[in-house]
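>>> please work out how this folds:
(one chain, ligands or ions: 1)
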Amino acid sequence: MSVTTHVLDGKAIARQLNDELRAELSRLGVKPGQGPRMATIYDAQNQASGRFSLAQRHYAEGLGLTVEPMALRHDMSRDQVQQAIEQLNRNAAIHGIFVQNPLPQQIDPQWVSTLIDPRKDVEGIHPQNSIRRFFGKARIGSCTALAVMRLIEETKASLEGKEAVVVGHSEIVGRPVGMLLLDKLATTTICHVATQNLRAHVERADILIVAVGQPRLIKGAWIKPGAIVIDVGINVVGNKVVGDVEFETASTRASFISPVPGGVGPVTVMMVMKNLVEAYKLQQSI
Ligand code: NDP
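Numbers count the residues shown, from 1 in each chain. Purely as a prediction, here's the structure:
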């Protein structure tokens, strides 16, 4: 069966989101540098994290938002990290807190996510925000899951009654994506490391979301003709960044597919900015 494949352009969607946010900030009367402000916590010794927080700062500044990097030293104790986060929680001039993984080994990222004031949780990972998501009432959603849903929205496909398969069940991607797909009345299956016959699940997916972090785990030949494929994975192979799906073959079978790089990534960055603006509004009671 021959299928016309559309490659979803994450950079173009990120530009649209950027324009929407710019319009919203102007409606709110926010002046550049005087509105939403976010602290980004990252491992001081991780060069990739340092580069990412600079990139984040660049996108934020383009919108007149402020990002303040906060590097965690490897000799910091849990108490010191807790105190630093509590200080950010109390600081009324900081509206969002972003935690860039991986953190220094002694710091459990799950524990860190519970310390953040849920109203400042721009990644939507605090347990209170997860519970609200469970009831379909989250004001601040998981940024990556929201990015995945925004890419699916671009296809204009109705999800009601469709077979949706999510591969990966992490707290920050797989599980929240599963919840949002259920909200759209997709029949949702979540696969994980113990799933038997992953291929059979993938083969019946009308909508396939993959968030594992293993290059080319999903073979192109497994994709149902006409499926929508969203690849969240980021893997560095040699000097190339690739996703979890075998793009070359999968893109001959899917109706829509997100590339890596240039798919979920840029949209996620803008979703963090959108969440920061939402967090700011929450704290200003707007
Ligand atoms: P985690 O490592 O937290 O989760 C990976 C998940 O995949 C786990 O649920 C794991 O199960 C499952 N898994 C492992 N092996 C298999 C397998 N063979 N078959 C099925 N499931 C398996 O990663 P994240 O969810 O944080 O991230 C996933 C990927 O997405 C990474 O490559 C990450 O870099 C990328 N990412 C991209 C973002 C973007 O904006 N583009 C944002 C966030 C993440 P178990 O826990 O049981 O081992």
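>>> ok, residues contacting stretch 49-56?
For stretch 49-56, the external contacting residues (Cβ atoms under 8 Å, 6 or more residues apart in numbering) are 40, 42-44, 67, 69, 71, 98, 100, 102, 269, 272. Using the backbone N, CA and C atoms, a C-beta is placed for each residue, glycine as well.
>>> now do stretch 109-119
With Cβ under 8 Å, 6+ apart as the criterion, stretch 109-119 contacts 41, 78, 81-82, 85-86, 89, 97, 99, 101-103, 121, 123, 125-129, 140, 171, 279, 282-283.
>>> with stretch 58-67 instead?
So stretch 58-67 is in contact with 18, 21-22, 25, 30-33, 35-40, 53, 56-57, 269-270, 273, 276-277, going by Cβ under 8 Å, 6+ apart.
>>> among these, which ones are in strands?
Judged by DSSP state E, the contacts of stretch 58-67 include 37-40 as members of strands.
>>> out of the residues you listed, which is most surrounded?
The most crowded member of the ones in strands among the contacts of stretch 58-67, judged by other Cβ atoms under 10 Å, is residue 38 (26 neighbours).
>>> and residue 208, what element?
strand 207-210 (DSSP states H and E).
>>> moving C-terminal of the lowest-mean-pLDDT helix or strand in the chain, what's the next helix or strand?
The helix or strand of the chain with the lowest confidence, counting by mean pLDDT, DSSP states H and E, is helix 47-62 at a mean of 87. Sequence order places strand 66-72 as the next helix or strand after helix 47-62, per DSSP H and E.
>>> chain center to that following strand, what's the gap?
19 Å (Cα atoms, centre = their mean, to the nearest Å).
>>> neighbouring strands - and their directions - for that strand?
strand 37-43 (parallel) (DSSP bridges).
>>> and the contacts of the partner strand?
Looking at strand 37-43 with Cβ under 8 Å, 6+ apart, the contacting residues turn out to be 49-50, 52-53, 56-57, 60, 65-72, 74, 84-85, 88, 93-100, 102-104, 112, 122, 272, 276.
>>> give me the buried positions along stretch 125-144.
By 16 or more other Cβ atoms under 10 Å, the buried positions in stretch 125-144 come out as 125-126, 129-130, 132-133, 138, 140-144.
>>> the residue of the stretch 51-200 of the chain found nearest the ligand in helix, strand or coil?
Relative to the ligand, the nearest point of the stretch 51-200 of the chain is residue 170 (3.1 Å; Cβ to the nearest ligand atom). When classified by DSSP: H, G, I helix; E, B strand; the rest coil, residue 170 comes out as coil.
>>> need the contact list for it.
Residue 170 is in contact with residue 211, counting by Cβ under 8 Å, 6+ apart.
>>> right, and residue 182 touches residue 176 too?
No: Residue 182 is not in contact with residue 176 according to Cβ atoms under 8 Å; the separation is 10.6 Å.
>>> low-confidence stretches in the stretch 1-150 of the chain?
With pLDDT under 70 as the threshold, the stretch 1-150 of the chain has low-confidence stretches at 1-2.
>>> if we use 80, what do you get?
1-3 (pLDDT under 80).
>>> which bits of it sit near the ligand?
The stretch 1-150 of the chain comes close to the ligand at residues residue 144, as judged by Cβ under 6 Å from any ligand atom.
>>> name the nearest of the ones in strands among the contacts of stretch 58-67 relative to the ligand.
The closest of the ones in strands among the contacts of stretch 58-67, once distances to the ligand are taken by Cβ to the nearest ligand atom, is residue 40, at 14.6 Å.
>>> what bridges to the closest one?
Note on residue 40: beta-bridge partners by DSSP bridges are residue 69, residue 98.
>>> circling back: buried subset of the contacts of stretch 58-67?
Counted by 16+ other Cβ under 10 Å, these give 18, 21, 25, 30, 35-40, 53, 56-57, 269-270, 273, 276-277 as buried.
>>> before we move on, back to that, how about the helix or strand following the strand holding residue 208 and the ligand, touching?
Sequence order places strand 228-231 as the next helix or strand after strand 207-210, per DSSP H and E. No: remark: strand 228-231 sits outside contact range of the ligand, by Cβ under 6 Å from any ligand atom, the gap being at least 8.6 Å.
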